[in-house]
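**Q** build me a model:
(one chain, ligands or ions: 2)
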Amino acid sequence: MGAYKLLVKGAKQVVTVRNDENVRVLRGKEMQHVDIINAKGKDGVSILVDSNGRIEFIGLDSERVSKYPRSEDEAEQVIEAEGKCIVPGLVDAHTHPVWVGDRVHEFAMKLAGASYMEVHEAGGGIHFTVENTRKASQDELYVSFSKRLYDMMSAGTTCVECKSGYGLDTETEIKMLKVIETAKREHPLTISSTFCGAHAIPKGSTAEKATEDVINNQLPAIKRLMKEGQLHVDNIDVFCEKGVFDLEQSRAILEAGKAAGLQINFHGDELHPLNGAKMGAELGALAISHLEEISEEGIAAMASSGSVGVVLPTTAYILRLRPPPVRRMLEAGVAVALGSDFNPNAYCMAMPTVMHLACVLLRMTMPESLIAATLNAASALGLSKDYGSLSRGKYADLVIIDAPRWEHLIYQFGCHDKIIDYVIKKGHIAHTKYECCG
Ligand SMILES: N=CN[C@@H](CCC(=O)O)C(=O)O
Ligand SMILES: [Zn+2]
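**A** Numbers count the residues shown, from 1 in each chain. Ligands and ions are numbered 1, 2, ... in the order given. Below is the predicted model:
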């Protein structure tokens, strides 16, 4: 074993986002620029990774050679990155990736004019996925889930939030959380897991009964497994929406989750303005997702509570919703993050596509979008101490792009696999296009 796990050298440009490990989140104007280390002529940029996968040095090749003269010989792997750009590993702050049975048939219905809630109320949508997921075995779910995680990684994602929520009963919710738990142990990606037993009202039940079931049955069973060390769940979620869980039911579920030691991270103000953002801010939510219908009051509350706003451009795009007022949120000082919202309704797991949509549909700039998909997304999951930017001491999660400027990752609409040369996870080559595509 070498003294260093990896040396990347000769890069044209390294976007650190912030080259300061103490910066854990960025808001408002702070999101207008990213820190970049550029090569000086032939003197490229190096990243040296220690044996624990953390960044030991980041800076010009010449400085690295004078400070660590033997680094090239002592590194287990060396990547020549001449002419290439490097950004931090992307962080996907919101996904629903554990399920079987696609909903391609519903895409046609929606194109013909059916709304998300019309499909849901007709017994499709989440209900369709619940029926299929309840029938599937843990192994079957793991096979499709783990393939999706590799696909996400090949598009540059190195940390991802993964929800349960297609069980809506204790048994299936636990089955889903166990699938996520297995991936936490076995997959290179860093996973933040979320209990979302309140994702919909089970068929034949009511919102009152479902709230009671989540609080009195599902959550205590999960808590027991966490105590026994069988599960390590990070977040509590609820779909706070008209016709699903109302404001008070959502509050009760989130409070119960918080009392069980989970971070509050939920769906709010997506289709109707229920003032979910304000309620979440009052509870000290770490993050609130969607926010298409956030109120001015909700924006002010999130700016002062520090709750991260996770916006999901794929949803607004696919459902033709009015996009969330991201410019207003940024102006007011809300920290904005991005997620793919990968689920059978929004079948997108590529964060470069998400960043592109954020720029075009949500009017974010490219630096804002990159910050939202790295440092702020890590912050929405409580992971920004270790992930989301490149500085000494942080984990070396990197995306190495074969393009003359980092912005190509966002500018290019699709086919990112052609320019993503390497995805590095904690200093390991987790994916390289040279092995899979030649
Ligand atoms: N809005 C609620 N949940 C998901 C959709 C899940 C589904 O349709 O299966 C979302 O965030 O978009
Ligand atoms: Zn969602």
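**Q** what parts of the stretch 301-438 of the chain come near ligand 1?
**A** The stretch 301-438 of the chain comes close to ligand 1 at residues 315, 341, 343-346, as judged by Cβ under 6 Å from any ligand atom. Where you see a C-beta, it was placed from the backbone N, CA and C, and this is true even at glycine.
**Q** pull the most distant pair out of those residues.
**A** For these, the maximum inter-member distance is 12.5 Å, found between 315 and 344 (Cβ to Cβ).
**Q** which one's more surrounded, the two?
**A** residue 315 (26 against 21; other Cβ atoms under 10 Å).
**Q** now do the phi/psi pair for that one.
**A** Backbone torsions of residue 315, given as degrees, to the nearest 10, read phi -70, psi -50.
**Q** rewinding a little: what would the residues of the stretch 301-438 of the chain next to ligand 1 look like in CSV with pLDDT, secondary structure and distance to residue 220?
**A** Converted to CSV, those look like this (pLDDT from 0 to 100; DSSP: H, G, I helix; E, B strand; the rest coil; distance: Cβ to Cβ, whole Å):
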residue, pLDDT, secondary structure, distance to residue 220
315, 95, helix, 32
341, 98, coil, 29
343, 98, coil, 27
344, 97, coil, 29
345, 96, coil, 30
346, 96, coil, 32
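**Q** tell me which of these is nearest to residue 178?
**A** Taking Cβ to Cβ as the measure, residue 178 lies nearest residue 343 of these, at 19.5 Å.
**Q** just give me the neighbour total for that closest one.
**A** For residue 343, using other Cβ under 10 Å, the count is 26.
**Q** surely it touches residue 94?
**A** No - look at residue 343 against residue 94 with Cβ atoms under 8 Å: they stay out of range, at 9.3 Å.
**Q** what are the phi and psi values for the closest residue to ligand 1 within the stretch 301-438 of the chain?
**A** Of all residues in the stretch 301-438 of the chain, the one sitting closest to ligand 1 is residue 345 (3.6 Å; Cβ to the nearest ligand atom). Here is the backbone geometry of residue 345 (degrees, to the nearest 10): phi -90, psi -40.
**Q** residue contacts, it?
**A** Residues in contact with residue 345 (Cβ atoms under 8 Å, 6 or more residues apart in numbering) are 103, 106, 116, 125, 315, 318-319.
**Q** cool, and residue 410?
**A** Shown in contact with residue 410 (Cβ under 8 Å, 6+ apart): 352, 355-356, 359, 366, 369-370.
**Q** list the buried ones in stretch 163-172?
**A** By 16 or more other Cβ atoms under 10 Å, the buried positions in stretch 163-172 come out as 163-170, 172.
**Q** need these in a markdown table with secondary structure, pLDDT and distance to residue 273, can you?
**A** Formatted as a markdown table, the buried residues of stretch 163-172 follow (DSSP: H, G, I helix; E, B strand; the rest coil; pLDDT from 0 to 100; distance: Cβ to Cβ, whole Å):
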| residue | secondary structure | pLDDT | distance to residue 273 |
| --- | --- | --- | --- |
| 163 | strand | 98 | 23 |
| 164 | coil | 98 | 27 |
| 165 | coil | 98 | 23 |
| 166 | coil | 98 | 27 |
| 167 | coil | 98 | 29 |
| 168 | coil | 98 | 25 |
| 169 | coil | 98 | 30 |
| 170 | helix | 98 | 32 |
| 172 | helix | 98 | 31 |
